[in-house]
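# A structural model of the following input is requested.
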Amino acid sequence: MANSEHRAPSTPNGSARPEDQVRIAAITLAPEALGGVSEANGVVWVGFTENAETYAEELRRRFPGVRINVRTVRHSGIELARVEAAIAVVMRRPTSGIVSLGRHDEDDFIRVGVLDPASEESEKIRARFGGAVRVQRDEPLKLC
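The predicted model follows:
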């Protein structure tokens, strides 16, 4: 299957979910500007860093039966992936106080869980990545 990497996941009846169809179209329209795609209560939410209304018009034209709301976000998914990768490198250090790291599509930032939000490491993360991160207290995972 040459194009299998471009197919949207299917519902049990074999049709692609609207959220996934919109995600693929949004990636095609504006990969560098796409912030994320999520679904809530039958509405597909799409974030773009620029030209959000222009992209919204195109997505609504392509998917007339889908309720699509578009918002402007500060950070693209590509930018947030780079930030997350850079912080993951720091997190792997044995002396790091970072205990969790993640993001959901609807977030316009990376969540960084730390043992001490007032630590020098936490301040450096805030200074380097600004609004692309939310540093918050978290506890390390306890293994049973």
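
# give me the neighbour count for Arg61.
Neighbouring residues of Arg61 were enumerated by other CB atoms under 10 Å; the total is 8. C-betas here are computed from N, CA, C, even on glycine.

# now do it against Ala26, distance only.
Per CB to CB, to the nearest Å, Arg61 is found 13 Å from Ala26.

# so what's the gap between whichever strand or helix holds Thr54 and the chain middle?
When elements are assigned from DSSP states H and E, Thr54 belongs to helix 52-62. From the chain centre to the centre of helix 52-62 is a distance of 20 Å (CA atoms, centre = their mean, to the nearest Å).

# avg pLDDT for it?
Throughout helix 52-62, pLDDT has a mean value of 95.

# and the protein, what are its domains?
4-72, 77-137 (automatic domain parsing).

# looking at those, which one has the lowest mean pLDDT?
Among the domains of the chain, domain 4-72 scores lowest, at a mean of 86.
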